[in-house]
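Peer 1: Prediction below, plus the sequence it came from.
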Amino acid sequence: MQIDKSFSFRKTISPWYDSDSACLIKALLMFMIILFGIDGVKVARQIDAYNDYVWVPGLLFTMSMSVFVINLIRLVKRYGRSRSSAM
């Protein structure tokens with residue numbers, strides 16, 4: 001049995017968590033967490049009792065930075081794709 005082919009071009013439906021507004025909100029939240037992680041590393045280095053726990057805010061910074069960069073790449077690709085299709 002053959003699949004019926006439609007001749008109309010349809011836009012792909014992206015999930016709600018991959019929308020432009022959700023990506024912008026996620027980028028803003030991750031940026032705030034990055035700043036929080038940087039501040040946590042500074043405080044943990046200043047207090048001698050917390051020097052062994054610098055890895056906790058460091059890990060928080062690293063993980064939020066990776067989510068932020070991946071999200072930024074996704075937004076740039078989407079903007080470039082929509083920009084090139086408009087021309």
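Peer 2: Structure received.

Peer 1: rest of the way, CA atoms for contacts and neighbours
Peer 2: Fine.

Peer 1: separation between Ala44 and Met32?
Peer 2: Between Ala44 and Met32 the computed distance is 18 Å (C-alpha to C-alpha, to the nearest Å).

Peer 1: Between those two, which has more neighbouring residues?
Peer 2: Taking neighbours as other C-alpha atoms under 10 Å, Ala44 and Met32 compare with Ala44 leading, 20 against 13.

Peer 1: What sits closest to the more buried one if chain neighbours are left out?
Peer 2: Setting aside the residues directly before and after it, Ala44 is nearest to Tyr50 in space (C-alpha to C-alpha, 6 or more residues apart in numbering), at 5.1 Å.

Peer 1: any idea how far the one you found is from Ile25?
Peer 2: Counting by C-alpha to C-alpha, the gap between Tyr50 and Ile25 amounts to 32 Å.

Peer 1: burial of the residue nearest to Ala44, as a residue count?
Peer 2: As a burial measure, the neighbour count of Tyr50 was computed by other C-alpha under 10 Å and equals 12.

Peer 1: Quick check: buried residues in the longest helix seen in the chain?
Peer 2: Longest helix in the chain, counting residues (DSSP state H): helix 55-86. Burial within helix 55-86, assessed by neighbour count using 16 or more other C-alpha atoms under 10 Å, is assigned to Pro57, Gly58, Leu60, Phe61, Ser64, Met65, Phe68, Asn71, Leu72, Leu75.

Peer 1: residues in contact with stretch 48-57?
Peer 2: By C-alpha atoms under 8 Å, 6 or more residues apart in numbering, the surrounding residues in contact with stretch 48-57 are Gly37, Ile38, Gly40, Val41, Ala44, Arg45.
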